[in-house]
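Student: everything below, folded, please.
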Amino acid sequence: MAERQDANAPSTDSLAVEQTDVTIGLSEAEATRRLSQFGDNALAEAHTGVLARLASYFWGPIPWMIEIAAVLSAAVQHWADFAIIFVMLLLNAGVGFWQEYKADSAIAALKERLALWARVLRDGKWQDVPARQLVPGDVVHVRLGNVVPADMTLVGDGFLSVDQSALTGESLPVDKKAGDPIYSGSVAKLGEMTGVVTATGMRTYFGKTASLVQAAGTVSHFQRAVLRIGNFLIFSTLGLVALILGAALYRGDPLVETLLFALILTVAAIPVALPAVLSVTMAVGAERLARLKAIVSRLVAIEELAGLDVLCADKTGTLTQNKLTLGQPVLFQASTVDELLLAAALASRQEGADAIDQAIIEGAGPAAPLSSHQVTEFHPFDPVGKRAEAAVRHGDQRFRVAKGAPQVILALAGGDAELNAKVQAAIAELAAKGYRTLGVARRDGDAGAWRLLGLLPLFDPPREDAAATIALARRMGVDVKMVTGDHQAIAREIAGTLGLGQNIQPAETFFGTSGKALDPQAVAAADGFAQVFPEHKYDIVRALQAGNHIVGMTGDGVNDAPALKQADIGIAVSGATDAARAAADLVLTAPGLSVITSGIEEARRIFERMTSYATYRIAETIRVLLFMTLSILVFNFYPVTAVMIMLIALLNDVPIIMIAYDNAPVADRPVRWDMETTLAIAGLLGVLGVVSSFGLFWVAERLLHLPQPMVQSLIFLKLTVAGHLTIFLTRNEGAIWQRPWPSWGLVSTALATKILGTLAAVYGWFITPIGWRYAALVWAYALVWFVINSGFKMLAYRLLQHREARQAAHLARVEGWLLKHVPVRRPAFMKPGRSHAPGAVRMERK
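Tutor: Next up, the predicted model:
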C-alpha cells in the first residue's frame, strides 16, 4: 500500500497537529481512512514483476550459451538436439525461478515475523498495532528500547533521549522534550514520552534519505568458500573445454558440431545452480528454525550458528523463569513493611509493568493505598543510572521515591560506614540464598535528604529444563557461560543448581576503566560473569573472539545492541526491545535456552546439506569433465554425444533441488567450513568416477566388442546412474546405510530420474538403444563401484581425522611448552589446563 502515497497530498504535519486530541487519539474509522489516503507506514520497495523475473533467466552468460547451442542445432538441422536444448533452457529457467521464489518467500515470511509494533492510543484505549498501520495524527507512546516507528512531535510530560546516529551521524544520544521532533528509525535510549505522528512511510526523514542508509548485503564465510570453488570449477571447465575444442579443430572435426559439443559440455559442467541451491537450502532451513521459535534476521547467520562454540546466556529469562516472587523485606529506615512496599510500588510502572514491577505491585497487595497517591513525574528504570524514580503528591505532601540497584540507592542515600556495612551484609546473606535485591529510598519535599527505607529480596527460580539443556549444549561442544547483572553470590547459587560450575567472576575482575580484557584465556576459563553492565558484554565478546571462539551472546535491552552486533551470532531473547531485535542475528519468540540448542541442531543440519551439495558438485564436475577430456585427447573418442550431455544435465537437476529437504545428520561438535577436506573427498570421488568410467569403456570395447554408438549409450547410462548415487555418498562420513536415512523426496526423485535415464538408453530415446541386458549390466557395474567408492570415502575420512588428531596433539605440546616457559599474566582464579570450549573442533581460524 506504500505506493499509494502521493507527493501532492495534504501536509501530514498539519494533519497531525490539527484536531488531534492526545487524550483519546484517533478513532478506528479515521485511522482506516487515513491509512487508505497515505498508505502503509513502510519504505517503498522496488518489486520486479513475475514475467520480468522469469525473463531474466533467459538473459546472461549461461542462457546465452544454451541459446547459441539451440541456434547451431537448428542451423545443422539436428531437430532432436534442438528440442532437448530448448527443454533444457526452459527447465533451467523454471528451476532458477522456483528456487528464487522459495528463497524470497521465506525471507518475506521472516520479515513479517520481525515486523515492529507500536503502542497507539485509539478511541481512548491504548493498544498494540503493527507499525506499518500507523497514520499521521496517531498518538504513540515511545519507551526505552523502542525503535521510533514514524516521524513524531513529542507532547506531554516526561523526557526522552534518543540515538539518531544512523540518521544524522550524531554519536551521542540527543535529549528531547515536548514540542521536539523525533525521527523514524532512531532508538529510545532513556526515558519515555508520547508523540503525535507527523509523517509516515516515504515522507519520513528516514524515508527521504533511505538510499543513504541502506545496509550493504554481507556474504558468509561458507558462501565465499563455495563461490571460490565455483569460480575454480568454471575456469577449469573453460580451460579443459578450450583444450578439447583446439584438439578437435586440429584433427579436422566439423566446426559447427564441435562448437555445439563444446558449448553444451560447458553448460553441463559449470555449477550453474550453486548460488541458487545454497540460497534455497538456507531459506528452507530458516523456515524450519522459525517453527522452532528461532527467527534468523540474516540467512547467512545460519552458518555462524552451526559453528557456535561459546554461548554467553543471560541468567534472567534464559536460564531462569523470569517469574519473580517477593521475599521477606529487610527494613533500615522504614518504620513498617507497608511503608517500604508502598514506596517501591509508587516507583514502579503501573501499566505495562515488567517482571520486577509486577512482583512489587503484587507484593504490595490490593490494600496498598496507591489510588490516593498521584505520581506527577516518573523516570523509568534505565540500564545506565540503574534506578527508577517518581515524584508523588499525597494530599499536601510532596515526596520522591526511588528503587534500583542496592549500591546505587545506597549511594543516593549517602549512608555512613555502619549503614553501608549492614546493607552489604544483608545483600550478601540474601545473595547466598539466591535472592537478588533492590534498594528503596524516599526523600520528603524538595530539600530533604534521601532515606534508605530498606531492601526488597526477589527470587527468580531456574527454568525446569535449564540444567538438562546446558548438559545437552556441552555434549554438542558448546560452552555455556552465565551473564548476569546480579551479585556474584546469586550467580554462583543459580550456577550450582544448573551445573554450570562455580567459577563465576565479577566483570570488574577482567575489565578496568579501559574496558579491555586482561587475558582472553582467563575470560574463556570463567564459567560466568556477575555484576555485568551492558558495556561489559561487548568486551566479553571481543575477548572470547580474540581466543578464536565463535561466540553467541544473548540480550534484550537497548544497551545490549553493541554486544549483539559484535557477537558472531547475536541472539535477542523472547520479549527483547526493538533495538535488540534489530541488532540481533537470531530472534527468539519463546523463552529458555532449549530454543537456542534446537536452533543449533537445525543449523548444523543445514550446514551439512550445503557441504554435501558442494562436495557432490565438485566430484561430479571432475568425474564428467576429466573423463571427457582424457577420452577425446588420448583415445580420440567422444564417450557421449551432445544430446547425452544435455540429458545428463537435465536428469541431474531434479535430485539436486531435493538436497535442501534431505534428512541431514547433526554433527556432535561445532562445524566450520573445511576446504581441504571437502576438496580431498570430492577429488577422490571424482577420480574414482573417472577410473570406473574408463573401466566400463574397456569392457564395452575390448570384451563385448560393441559398436561406438552403443558404447556411448552405455557410458551415458553409467554416468547417469553413478552420478545420482554420488549424492548418497556425500551425505555423511560413514557407511551408506548410516542414519539418518535419506529423505523420501531425495530417494524418489533420484530413483525416478535414474529410471528415466534407463528407459532412454533401453528404448533409444534420442540415443542408440542398448536393451535391457546391457542396461542391467551397467546398473550392476555402477552399484559395485558405489560400494567401492563408499569404502574409499570412509578410509579417506579416517586418514584425514587421524592426521587432524596428530596435528592437534602437536599443537597441544607446543602450547604446553609455551605455557611452561613463557610467563603469561592470569588472574589467580584461572584453572591451568582447562579446556576453553569443551569438545569444540576448530577447523579454520576465523
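Student: and the residue nearest to the spatial centre of the chain, how far is that from residue 607?
Tutor: Geometric centre of the chain, nearest residue: residue 301, 3.2 Å, by Cα atoms, centre = their mean. Using Cβ to Cβ, to the nearest Å, we find residue 301 at a distance of 12 Å from residue 607. All C-beta atoms are positioned from the backbone trio N, CA, C, and that covers glycine.
Student: got phi/psi on residue 693?
Tutor: phi -70, psi -40 (degrees, to the nearest 10).
Student: against residue 623, how distant is it?
Tutor: 7 Å.
Student: any shared contact partners between these two?
Tutor: 719, 722 (Cβ atoms under 8 Å, 6 or more residues apart in numbering).
Student: for residue 61, give me the pLDDT.
Tutor: We have a pLDDT of 63 for residue 61.
Student: going along the chain, name the helices of the stretch 651-800 of the chain.
Tutor: Secondary structure of the stretch 651-800 of the chain (DSSP state H, counting those that start in this stretch): helices at 675-698, 708-729, 744-763, 771-821.
Student: distance-wise, check the nearest residue to residue 757 once chain neighbours are set aside relative to residue 435.
Tutor: Leaving aside its sequence neighbours, residue 757 sits nearest to residue 720 (Cβ to Cβ, 6 or more residues apart in numbering; 3.7 Å). Note on residue 720: its distance to residue 435, by Cβ to Cβ, is 70 Å.
Student: report the secondary structure state of the nearest residue to residue 685 once chain neighbours are set aside.
Tutor: Once flanking residues are discounted, residue 685 sits nearest to residue 619: 4.0 Å by Cβ to Cβ, 6+ apart. Here residue 619 is recorded as helix under DSSP: H, G, I helix; E, B strand; the rest coil.
Student: least confident secondary structure element in the protein?
Tutor: The weakest-scoring helix or strand in the chain, judged by mean pLDDT, DSSP states H and E, is helix 210-213 (a mean of 39).
Student: the helix or strand following that one to helix 675-698, inter-axis angle?
Tutor: Downstream of helix 210-213, the next assigned helix or strand under DSSP states H and E is helix 221-250. With axes from the mean of the first three to the mean of the last three Cα atoms, to 10 degrees defining the directions, helix 221-250 sits at 30 degrees from helix 675-698.
Student: figure out how far helix 221-250 is from the centre of its chain.
Tutor: 32 Å (Cα atoms, centre = their mean, to the nearest Å).
Student: gap between the helix or strand just after that helix and the chain center?
Tutor: Per DSSP H and E, helix 221-250 leads on to helix 255-269 as the next helix or strand towards the C-terminus. Helix 255-269 has its C-alpha centroid displaced from the chain centroid by 41 Å (Cα atoms, centre = their mean).
Student: show me which residues of helix 255-269 are buried.
Tutor: 257-269 (16 or more other Cβ atoms under 10 Å).
Student: which of those residues lies closest to residue 649?
Tutor: Comparing the buried residues of helix 255-269 against residue 649 with Cβ to Cβ picks out residue 268 as the nearest, at 4.1 Å.
Student: residue boundaries of the strands in the stretch 301-450 of the chain?
Tutor: For the stretch 301-450 of the chain, the strands defined by DSSP state E, counting those that start in this stretch occupy 310-314, 325-326, 330-331, 374-379, 387-394, 397-404, 436-444.
Student: would CSV of those with mean neighbour count, mean pLDDT and distance to residue 759 be doable?
Tutor: Output for the strands of the stretch 301-450 of the chain, formatted as CSV (neighbours: other Cβ atoms under 10 Å; pLDDT from 0 to 100; distance: least, Cβ to Cβ, whole Å):
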stretch, mean neighbour count, mean pLDDT, distance to residue 759
strand 310-314, 25, 89, 53
strand 325-326, 17, 84, 71
strand 330-331, 18, 91, 84
strand 374-379, 15, 86, 78
strand 387-394, 18, 89, 76
strand 397-404, 20, 91, 77
strand 436-444, 24, 91, 72
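Student: need those in a markdown table (columns: distance to residue 812).
Tutor: Output for those, formatted as a markdown table (distance: least, Cβ to Cβ, whole Å):
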| stretch | distance to residue 812 |
| --- | --- |
| strand 310-314 | 19 |
| strand 325-326 | 48 |
| strand 330-331 | 51 |
| strand 374-379 | 54 |
| strand 387-394 | 49 |
| strand 397-404 | 48 |
| strand 436-444 | 41 |
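Student: quick one: contacts for the nearest residue to residue 505 once chain neighbours are set aside?
Tutor: For residue 505, ignoring the flanking residues on the chain, the nearest one in space by Cβ to Cβ, 6+ apart is residue 526 at 4.9 Å. By Cβ under 8 Å, 6+ apart, residue 526 lies in contact with 481, 503-505, 829.
Student: top of those by neighbour count?
Tutor: Greatest neighbour count in these, by other Cβ atoms under 10 Å, goes to residue 504: 26 neighbours.
Student: so what pLDDT did it get?
Tutor: So residue 504 comes in at 87 (pLDDT).
Student: let the chain start at 868 from now.
Tutor: Sounds good: first residue 868 from here, last item residue 1371.
Student: ok, now how distant is it from residue 1296?
Tutor: Using Cβ to Cβ, we find residue 1371 at a distance of 18 Å from residue 1296.
Student: repeat for residue 1435
Tutor: 40 Å.
Student: which stretches of the stretch 1268-1417 of the chain form helices?
Tutor: Using DSSP H, counting those that start in this stretch, the helices found in the stretch 1268-1417 of the chain span residues 1273-1280, 1284-1299, 1333-1342, 1355-1365, 1387-1392, 1401-1413.
Student: among the ones you listed, which comes closest to residue 1150?
Tutor: Of all the helices of the stretch 1268-1417 of the chain, the one in closest proximity to residue 1150, counting by Cβ to Cβ, is helix 1333-1342 (26.2 Å).
Student: which strands and helices lie in contact with that closest one?
Tutor: strand 1346-1350, helix 1355-1365, helix 1461-1502 (3 or more Cβ pairs under 8 Å, 6 or more residues apart in numbering; DSSP states H and E).
Student: circling back: residue 1048 is nearest to which of the helices of the stretch 1268-1417 of the chain?
Tutor: Closest among these, using Cβ to Cβ: helix 1401-1413, at 27.5 Å.
Student: give the rounded mean pLDDT of that closest one.
Tutor: Averaging pLDDT along helix 1401-1413 yields 84.
Student: check the offset of that helix from the chain's centre.
Tutor: Centroid displacement of helix 1401-1413 relative to its chain, using Cα atoms, centre = their mean, is 19 Å.
Student: coming back round to it: columns distance to residue 997 and mean neighbour count on top of the helices of the stretch 1268-1417 of the chain, output as a markdown table?
Tutor: A markdown table is the format used below for the helices of the stretch 1268-1417 of the chain (distance: least, Cβ to Cβ, whole Å; neighbours: other Cβ atoms under 10 Å):
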| stretch | distance to residue 997 | mean neighbour count |
| --- | --- | --- |
| helix 1273-1280 | 37 | 20 |
| helix 1284-1299 | 42 | 15 |
| helix 1333-1342 | 33 | 18 |
| helix 1355-1365 | 37 | 22 |
| helix 1387-1392 | 41 | 22 |
| helix 1401-1413 | 28 | 21 |
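Student: quick check, residue 988 in a helix?
Tutor: No. Counting by three-state DSSP, residue 988 is located in no helix; its state is strand.
Student: how about the nearest residue to it, chain neighbours excluded?
Tutor: residue 892 (3.5 Å).
Student: pretty sure that neighbour is touching residue 985, no?
Tutor: No. Under the criterion of Cβ atoms under 8 Å, residue 892 is not in contact with residue 985, lying 11.9 Å apart.
Student: where do the contact lists of the two overlap?
Tutor: With Cβ under 8 Å, 6+ apart as the test, residue 892 and residue 985 both reach residue 1005.
Student: so residue 1653 sits against residue 1596, correct?
Tutor: Yes. Look at residue 1653 against residue 1596 with Cβ under 8 Å: they come within range, at 7.4 Å.
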